[in-house]
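Chemist: predicted model follows, preceded by the sequence.
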There are 2 protein chains.
Amino acid sequence: MATILRRETCVRGVSRRAAVCGGSIIQRRTFSLQELDEKRGTRERVVILGSGWGGFGLARQLDLRHYQPLIITPRTYFVFTPLLASTAVGTLEFRQAMEHSRSRPGIEVIRAWAEQIDLSKKTVTVEGAVQSKDKVGSVIGDGKQFEVGWDKAVVAVGAFSQTFGVEGVKDHAFFLKDVADARAIRRRILECFEEAALPTASEARKKQLLHFAVVGGGPTGIEFSAELHDLLSDDLTKLYPSLAKYHRITVYDVAPRILSMFDTSLAKYAEKVFSRQKISIKTSHHVHKVNSEAVHTREDGEVLVGCVVWSTGLAPNPFLAKALKGKLQMDERGSKIVVDDHLRASSMDERGSTSWPLDDVFAIGDCASLGGQELPATAQVANQQAIWLGKTLNKAAVRKAAEGKPGPVKVQDEKKFRFRSLGIMAYLGGWRAITQSGSAELKGRMAWVLWRTAYLTKSVSWRNRILIPTLWFTNWVMGRDINRF
Amino acid sequence: MATILRRETCVRGVSRRAAVCGGSIIQRRTFSLQELDEKRGTRERVVILGSGWGGFGLARQLDLRHYQPLIITPRTYFVFTPLLASTAVGTLEFRQAMEHSRSRPGIEVIRAWAEQIDLSKKTVTVEGAVQSKDKVGSVIGDGKQFEVGWDKAVVAVGAFSQTFGVEGVKDHAFFLKDVADARAIRRRILECFEEAALPTASEARKKQLLHFAVVGGGPTGIEFSAELHDLLSDDLTKLYPSLAKYHRITVYDVAPRILSMFDTSLAKYAEKVFSRQKISIKTSHHVHKVNSEAVHTREDGEVLVGCVVWSTGLAPNPFLAKALKGKLQMDERGSKIVVDDHLRASSMDERGSTSWPLDDVFAIGDCASLGGQELPATAQVANQQAIWLGKTLNKAAVRKAAEGKPGPVKVQDEKKFRFRSLGIMAYLGGWRAITQSGSAELKGRMAWVLWRTAYLTKSVSWRNRILIPTLWFTNWVMGRDINRF
């Protein structure tokens, strides 16, 4: 059950302790960024913290004649997050939802955890990230810290899964933020079926194992439930015919309705589709505890389940509190970096009473808050911000060169960032979806076609534009491939 | 570094201890094979131990009108072993080398470890197999034993990796027997590159991390080296251009030449291709120790490496000694079940002095020894035995029905099994291969075409016949996809 979240909060704790004990010292002599410095030439170095929709998107956008993009990330691949639910149930391969950060020539990558940032020296202190030998899939620090200089710094570290402090979630529920999560979910679903198929499994045990709970009625939870429903009814029913009568899905949400970002009519349609598919929706239900066997809600008490998938929104990345507090202006809850309409972060005086925008520090994606506007924490927003920032930096560099100005590139004279919603969509299972864009709404089969097309055209690599339809086709003809791995 | 081998010897040890402590008792009341018994009707039940080339191949062959195939296996998928080396380096997805044992309707599967077999009661005692919660990918016993009755029993449990007792192999080397092994190798290769790419990595450390050692110069070791060479030179050189000068591959073998099953001229050709690809071949080298940092040979002493892949042949499956010793006739070393030319195992009197063939117990694949003949321990042999046994059982059932004889089906009057070698082949990297069939030899590009065609036409599922060429094509055009997972 490795997830990004636990990896950060628990495993990172270990390396922090090591640092305190003196195990982690800044390496001043034994390392060299000489090669990076040579390649850089006279270009500005843009250090990007994070390799998600924001960080990887920006790196791809930057003009290599003007900038040296340098991604600092403990995770060397980009995850096409909207496809994670599909990979968790085997509709797609895991690798179809990934792209290697080093796959684009000219984008430099250091696999490391960012630890501190120095705004006056213009450096970031990082610690090399290596695979844990004890926990498969976990990435820990290697105890060797070093400094990397930057001309521009972009914070794109994203957010973590929100648990609201509910007991047992971190240890017993599955998140859906990373490929490791999707893999763990797939493995658990198949394990539930295999255990239920043993002749020694009692009726009660079968019912428990094949009851899948999803906590959170947002798009992620709903799409996962829909994909899981397809897997159960299309495929696993064929492999385990005698278990078909046992499996069921329940979606829990604390709110009175699911899909609150959609219009009521679309959410109602979703509820209708789900009810026809025999997915229970338990709105206004409060989960207060999760353990290895059950979900506990205030309304229903203990409900035995085989697997709990948890998707109740985002929590701030602890990097913000650790490295940026008191240096950059944060929102009131201290969970996001406030940026202006050029996506610039702001410095503060010591008392935090006045602040002014920095020309060389930016924040994008889930960890940024665009002053005054409440943008959704979605891939769409992060992607648009990444593209805007990349293009704007490119334009500003050209303008500076044309005008022959000295000093670093500045974006303040460029056009402001404006988010243009392309609409929202959610898959509902059984080849049905809902989409909503401004006042235009679509539901059912046509919305599903739109949903697939959108994911396909947004899929970053050409490889995946070939493989994803091939997999969709073979799945359609022959069913999903749901081996253990 | 989970492998089938360690899973068996270590993890199984845990459940055996649990059994001794009373944690494992035969479940007599709480379980029911009623459903299986109902489905069986008047057919004979063929219990097959194992789901590899032998077991899964036989189950697919049996005529469902006459037999109920029931596979007992802790691993619910079939592995297309010749493609494992390709999956380890990312040429193919893991799932293209797998097929779910339950994918064929009518084939029954119980995921369990076979513990004992009773020849007079015609039962096999098994223990339910579940995923370990501690070790990802490991399968352990669930402590619940139960008995399954059979009309025919087929032992197709295969063999384990041979280590010759060399110190450290089980803990520090990677085998290439299962998909979990291939995944662990892929992860380790990428990890070596990522660690070497850190600015803190010294010259010596880079050289060590990117030195890949392969122990064993048989087809598996050679094909893996060849695939690894392709990955390093085609793909990783592009992703990590500054590391290109560091990586190298060394193949160790204790014998004076590699590929001893091939004619000398082909083996010489292989050595020439390897030397052109800068793969070192160290024949007549004796590895006596492996640890997390190095391979130790008698000739060269300690050689620092990033990863050791171990492929030095097969060792007997411990199930034979545990469950069959003294019951079935074994070969002199006690490592294989002796079968006659109808693949029937033999019973023995108490002193083991005389033996007679059993009409209802068979052994096929790597755990069987065809009296008098030394067949290679390959997928080809296991596959041919599985097909022969399936077809022969089908024919014998038809004959028995036609003749109206009472009693169980007997194969003794059917044609004998005869192995027909279809030739052997090995991939050498750089689109070159060698094939040898009788006196016909082929090497180079044409042999490579034959090699790919053979794997493709033998690939069991239609899904994979579509996906494998698609992956080959996208890899060819766009390079391998070598994300971490």
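Modeler: The structure has been received and is ready for your questions.

Chemist: for chain A, which helix is longest?
Modeler: In chain A, with assignment by DSSP state H, the single longest helix is helix A:379-403.

Chemist: now the element after it, going C-ward?
Modeler: strand A:424-429 (DSSP states H and E).

Chemist: which helices and strands sit right next to the next helix or strand after that next one?
Modeler: Sequence-wise, the next helix or strand downstream of strand A:424-429 (DSSP H and E) is strand A:432-437. Packing partners of strand A:432-437 (3 or more Cβ pairs under 8 Å, 6 or more residues apart in numbering or on different chains; DSSP states H and E): helix A:264-276, strand A:424-429, strand A:440-444, helix A:445-458. In short, each C-beta sits where N, CA and C put it, glycine included.

Chemist: angle of strand A:432-437 against strand A:440-444?
Modeler: Calculated by axes from the mean of the first three to the mean of the last three Cα atoms, to 10 degrees, strand A:432-437 forms an angle of 180 degrees with strand A:440-444.

Chemist: neighbouring strands for strand A:432-437, and are they parallel or not?
Modeler: Strand pairing for strand A:432-437, using DSSP bridges, gives strand A:424-429 (antiparallel), strand A:440-444 (antiparallel).

Chemist: most tightly surrounded among the helices and strands packed on strand A:432-437?
Modeler: Most buried of those by mean neighbour count (mean count of other Cβ atoms under 10 Å in any protein chain shown) is strand A:424-429; its value is a mean of 24.

Chemist: and for it, what's in contact with it?
Modeler: If you take Cβ atoms under 8 Å, 6 or more residues apart in numbering or on different chains as the criterion, strand A:424-429 is touched by A:85, A:219, A:222-223, A:225-227, A:229-230, A:259, A:261-262, A:270, A:273-274, A:277, A:279, A:378, A:433-437, A:447-448, A:450-451, A:454.

Chemist: report the mean per-residue pLDDT for that strand.
Modeler: Per-residue pLDDT over strand A:424-429 has a mean of 88.

Chemist: run the angle between it and helix A:264-276 for me.
Modeler: Orientation of strand A:424-429 against helix A:264-276 (the same axes, to 10 degrees) gives an angle of 20 degrees.

Chemist: and strand A:424-429, C-alpha only, in CSV?
Modeler: In CSV, the C-alpha atoms belonging to strand A:424-429 read as follows (Å, rounded to 0.1, in the frame of the first residue of the first chain):
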residue,chain,number,x,y,z
ILE,A,424,-15.3,19.1,-16.7
MET,A,425,-16.0,15.5,-17.3
ALA,A,426,-16.5,12.2,-15.5
TYR,A,427,-16.8,8.6,-16.7
LEU,A,428,-19.8,6.8,-15.2
GLY,A,429,-19.2,3.2,-16.4
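
Chemist: at the geometric centre of chain A, which residue sits there?
Modeler: A:K177 (4.8 Å; Cα atoms, centre = their mean).

Chemist: so A:E93 versus B:E99, what's the distance?
Modeler: Applying Cβ to Cβ, to the nearest Å, the value for A:E93 to B:E99 is 16 Å.

Chemist: ignore what I typed, I meant A:T312.
Modeler: A:T312 is 37 Å from B:E99, by Cβ to Cβ.

Chemist: can you check A:A97 too?
Modeler: Computed as Cβ to Cβ, the A:A97 to B:E99 distance reads 23 Å.

Chemist: these two: which has the busier surroundings?
Modeler: Using other Cβ atoms under 10 Å in any protein chain shown as the criterion, A:A97 and B:E99 rank with A:A97 on top: 27 against 23.

Chemist: distance of the closest residue to the more buried one other than its chain neighbours relative to chain B?
Modeler: Leaving aside its chain neighbours, A:A97 sits nearest to A:L83 (4.2 Å; criterion: Cβ to Cβ, 6 or more residues apart in numbering or on different chains). To chain B, A:L83 is 13 Å away according to Cβ to the nearest Cβ, to the nearest Å.

Chemist: for A:K133, same thing?
Modeler: Per Cβ to the nearest Cβ, A:K133 is found 9 Å from chain B.

Chemist: what is the burial count for that residue?
Modeler: 11.

Chemist: repeat for A:A184
Modeler: Going by other Cβ under 10 Å, the residues that sit close to A:A184 add up to 21.
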